[in-house]
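*Asks:* I'll drop the sequence and a predicted model, then ask my questions.
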2 protein chains.
Amino acid sequence: MSEVREKAVLAGKTAAILGGLGTEAKNEALLAAAKALEEQAAEIIAANREDLERGRQNGTSESLLDRLALNESRIAGIAEGLRQIVELPDPVGDVLATIDRPNGLHIVQQRVPLGVIGIIYEARPNVTVDAVGLCLKTGNAVVLRGGSSALSSNRKIVEIIHRTLEQTTVPKDAVQLIEDPNRSSVDEMLKLNGLLDVVIPRGGSSLIQTVVQNATVPVIETGAGICHTFLDETADPAMAEEIALNAKVQRPSVCNSMETLLVHRSYANRHLADLAEKFREAGVELRGCETTRKLVAWANPATEEDYATEYNDYILNVKIVDDLDEALAHIARFGTKHSECIVTENGGNAARFQQEVDAAAVYHNASTRFTDGFEFGFGAEIGISTQKLHARGPMGLPALTSSKYIIHGNGQIRK
Amino acid sequence: MSEVREKAVLAGKTAAILGGLGTEAKNEALLAAAKALEEQAAEIIAANREDLERGRQNGTSESLLDRLALNESRIAGIAEGLRQIVELPDPVGDVLATIDRPNGLHIVQQRVPLGVIGIIYEARPNVTVDAVGLCLKTGNAVVLRGGSSALSSNRKIVEIIHRTLEQTTVPKDAVQLIEDPNRSSVDEMLKLNGLLDVVIPRGGSSLIQTVVQNATVPVIETGAGICHTFLDETADPAMAEEIALNAKVQRPSVCNSMETLLVHRSYANRHLADLAEKFREAGVELRGCETTRKLVAWANPATEEDYATEYNDYILNVKIVDDLDEALAHIARFGTKHSECIVTENGGNAARFQQEVDAAAVYHNASTRFTDGFEFGFGAEIGISTQKLHARGPMGLPALTSSKYIIHGNGQIRK
């Protein structure tokens, strides 16, 4: 049996035990893990040094090395993340519905764990701990397939978690790390129907596309965001400027940042030159439609391909539109159904925008940067779903659960 | 552009309009369609005759021809199904959660249609109307890919629905029928990411497996059921007999019927011979484990493969187990997570069974045949989900919806 299959089977064998654990047992295990990670930080840092060394030899960029690097303070942050998960309410066992039928059947729909969750991710070793915390809290087993660049760190982290779980009622086999660094282990995970209940990719768009295109197990697609902000005719200029700048430059590398600014023609005539200047000061390259370039001489031309690109960088498309309809049509064509915003003082336009735009999060007069589990008050985030099945938008703990119908009878048969 | 892609695009263009329609507009269209189908029943029956004729020439079995056949009374039943959907509450627009954040953001999570739903199904033309009704009621567009054996009937039905919708506010392009009878149209649908939000297969297990194995769009897996009934040591004999017989013979061809009877050794010693006699009278072939065959001489031997087979027929495996643990282990190994039942007077055993069995519906003292949207009181059923994502068990109208976050701000930006 291959490593991937063997570990998925081991994980699956813990599902019944995990599903029956109370909240306290799960929390105790997570607290113990947080403590162990902090106490054994030196071991983790030593393992992480191996990854960094290998990365340097392979010519990994400094920014990637920085994402990979662990130190005492980052490990303390990771442990703190586990403690925050402990504080959250446990969704497992919640009663979602009760139905009493005329024939006397009493039906209870109850939240249960999903079962075995596969997480496929890239460089950052903090995802390892985060995924373990979220999965165990919701009674799920987890099969982790991290990037080869963080393998030594991930191995050490999982080793520490395993040693810790052995002292608790949570079975250590509930946490499995795939150590085969080949692409084939990913391909195999994606076909493990019956052993994995869902696979969640966390990473860049090429990873996500690989998963979506090849998986036969259910997938929750996360991440890709070409987000728009539309400054309507009646937008408040000060507010519009703050929101547009925030959506682009507060953290350009993330999925909920803005890639294209749509501007109503009459608003553009009055305010675009000033706004463009602010973007220039913030170091943002503008790529504009023809009309934009008449108002902002230094803007580069925007192509169709630009409108379809998630830059995650200090680059912004600017397009002038005649009205709300044109803005809606542009978003329908180029949006990725992640987060979209209208800035307007016209309540009717806001309502129509929020009704008609098909996206996980649709904002009126607020930055798209708020699409985030923590900002929504969920206290944790597994990712941001950009599909419509199961979960949409920021996913908190309930997104890692399913339900089951428990039916109490006294001899009912179907006529 | 291929027929499949072209029709999916047309369907997608209606999504914004559909999502904005009120319940009344949708209900009026469904009522008009019900009336038109009844009034134009003669046209449908004529088209259906073409399908039946073609089927006979191709040597289709009589039982399949019967499933395909339409007459006045069946068409009246189909129309009545639409009227029942009209009576159901419309889930679209329901507020699922409201969140007020300290920064003043007001977040409303609202039910919205999924968008464009692909339905891939086999012979029965009633599925065409049923799928249209369920999808339109929930504000979804639908791309129908029925079996080639029912193509003439499906064409006529969709033609009548199109003519009807033209007189209503529901855009007729919301309903699309793929007329290409080749397998390639199915394959193409399964890869239409971005155009189809979900594909639901309705049919036999080979169709479902084709869809699960080849789709890159999200799928809701339905149907396959290897369901067990466990007669525990303390089962009430009269109740046990009624439930076991009902689960097997009331309608053996469906997914929630029983395939394997598990019997506690001490119960078997007292009651199995009598129970087996009832099954024999009902025309059921028994395939038993060694111990079963000592108690029931005429039973055939059961193999591992038998335990893994969904017969959908008058065949039943019987296995004697030593205790609840052995029953649970058998179900964990051979069950398909559909419907499982324990018959017992021991409340502790019932509770443990219902907690530990991982299935969509877990029964205590009632027949597995109740796993059904109508029996659960949903008033409609799109199918029975056997996966854990999105929907599990019988799916009512809410299973055809997603949600979106609508966020009201007054200038909030992320710090």
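*Replies:* Looks like it came in fine.
*Asks:* Give the burial count for residue A:229, as a bare number.
*Replies:* 27 (other C-beta atoms under 10 Å in any protein chain shown). For the C-beta atoms, the positions are set from N, CA and C on the backbone; glycine is no exception.
*Asks:* what's the strand or helix carrying it packed up against?
*Replies:* Per DSSP states H and E: residue A:229 is located in strand A:227-231. Strand A:227-231 sits against helix A:237-249, strand A:258-264, helix A:265-281, helix A:324-334, strand A:339-343, with contacts defined as 3 or more C-beta pairs under 8 Å, 6 or more residues apart in numbering or on different chains; DSSP states H and E.
*Asks:* For residue A:145, list each beta-bridge partner.
*Replies:* Beta-bridge pairing for residue A:145 (DSSP bridges): residue A:120.
*Asks:* My understanding was that it contacts residue A:121; is that so?
*Replies:* Yes: under the criterion of C-beta atoms under 8 Å, residue A:145 makes contact with residue A:121 at 7.4 Å.
*Asks:* if we can go back for a sec, give me whichever of the helices and strands packed on strand A:227-231 is most buried.
*Replies:* strand A:339-343 (a mean of 31; mean count of other C-beta atoms under 10 Å in any protein chain shown).
*Asks:* C-terminal to it, what's the next element?
*Replies:* Downstream of strand A:339-343, the next assigned helix or strand under DSSP H and E is helix A:347-356.
*Asks:* before we move on, the earlier item: put together CSV for the helices and strands packed on strand A:227-231, with mean pLDDT and distance to residue B:329 on each row.
*Replies:* Listed next are those as CSV, based on pLDDT from 0 to 100; distance: least, C-beta to C-beta, whole Å:
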stretch, mean pLDDT, distance to residue B:329
helix A:237-249, 98, 55
strand A:258-264, 98, 53
helix A:265-281, 98, 64
helix A:324-334, 97, 52
strand A:339-343, 98, 47
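*Asks:* Tabulate the ones you listed (JSON lines), appending distance to chain B.
*Replies:* Converted to JSON lines, those look like this (distance: least, C-beta to the nearest C-beta, whole Å):
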{"stretch": "helix A:237-249", "distance to chain B": "4"}
{"stretch": "strand A:258-264", "distance to chain B": "12"}
{"stretch": "helix A:265-281", "distance to chain B": "13"}
{"stretch": "helix A:324-334", "distance to chain B": "7"}
{"stretch": "strand A:339-343", "distance to chain B": "9"}
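*Asks:* Turn the ones you listed into CSV, including distance to residue B:264.
*Replies:* Listed next are the helices and strands packed on strand A:227-231 as CSV, based on distance: least, C-beta to C-beta, whole Å:
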stretch, distance to residue B:264
helix A:237-249, 64
strand A:258-264, 63
helix A:265-281, 74
helix A:324-334, 60
strand A:339-343, 56
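*Asks:* Determine which of these approaches residue A:138 most closely.
*Replies:* strand A:339-343 (25.2 Å; C-beta to C-beta).
*Asks:* ok, residues contacting that closest one?
*Replies:* With C-beta atoms under 8 Å, 6 or more residues apart in numbering or on different chains as the contact definition, strand A:339-343 has outside contacts at A:225, A:227-232, A:235-236, A:239-240, A:243-244, A:247, A:256, A:258, A:327, A:331, A:349-350, A:353-354, A:357, A:359-368, A:371.
*Asks:* Same question for stretch A:206-216.
*Replies:* In this structure, residues lying in contact with stretch A:206-216 by C-beta under 8 Å, 6+ apart are A:120-122, A:186-187, A:190-191, A:193, A:199, A:201, A:219, A:221-224, B:193, B:212-216.
*Asks:* Next to chain B, which bits of the stretch 51-200 of chain A? Give me the list.
*Replies:* Applying C-beta under 8 Å from any C-beta of the partner chain, we find that the stretch 51-200 of chain A lies next to chain B at A:99, A:101, A:105, A:107, A:112, A:114, A:115, A:193, A:197, A:198.
*Asks:* Quick check, pLDDT for the closest residue to the first one other than its chain neighbours.
*Replies:* Leaving aside its sequence neighbours, residue A:99 sits nearest to residue A:107 (C-beta to C-beta, 6 or more residues apart in numbering or on different chains; 4.1 Å). The per-residue pLDDT reported for residue A:107 equals 98.
*Asks:* What residues does residue A:107 make contact with?
*Replies:* Residue A:107 neighbours (C-beta under 8 Å, 6+ apart): A:97, A:98, A:99, A:100, A:101, A:405, A:406, A:407, A:408, B:376.
*Asks:* same thing but at 10 Å, please
*Replies:* Residue A:107 is in contact with A:97-101, A:405-409, B:361, B:363, B:366, B:370, B:375-377, B:393, counting by C-beta atoms under 10 Å, 6 or more residues apart in numbering or on different chains.
*Asks:* and what of residue A:129?
*Replies:* With C-beta under 10 Å, 6+ apart, residue A:129 has these contacts: A:30, A:33-34, A:37, A:44, A:75, A:77-79, A:81-82, A:85, A:154, A:157-158, A:160-161.
*Asks:* ok so, going back, which residues does the residue nearest to residue A:99 form beta bridges with?
*Replies:* residue A:99, residue A:407.
*Asks:* Among the helices and strands packed on strand A:227-231, which comes closest to residue B:50?
*Replies:* Going by C-beta to C-beta, the one of these nearest residue B:50 is helix A:324-334, 39.9 Å.
*Asks:* quick one: that closest one to chain centroid distance?
*Replies:* 25 Å (C-alpha atoms, centre = their mean, to the nearest Å).
*Asks:* picking up where we left off before, out of the residues of the stretch 51-200 of chain A next to chain B, which end up buried?
*Replies:* For those, a burial check counting by 16 or more other C-beta atoms under 10 Å in any protein chain shown picks out A:101, A:105, A:107, A:112, A:114, A:115, A:193, A:197, A:198.
*Asks:* Okay, and which of those map to strands?
*Replies:* A:107, A:112, A:198 (DSSP state E).
*Asks:* Now do the phi/psi pair for residue A:222.
*Replies:* Backbone geometry at residue A:222, expressed as degrees, to the nearest 10, gives phi -130, psi 160.
*Asks:* Likewise for residue A:23?
*Replies:* phi -60, psi -40.
*Asks:* residues contacting the nearest residue to it once chain neighbours are set aside?
*Replies:* In space, not counting the residues next to it along the chain, residue A:23 is nearest to residue A:90; the distance is 4.0 Å by C-beta to C-beta, 6+ apart. Residue A:90 makes contact with A:21, A:22, A:23, A:24, A:26, A:27, A:111, A:137, A:138, A:139, A:397, A:401 under the criterion C-beta under 10 Å, 6+ apart.
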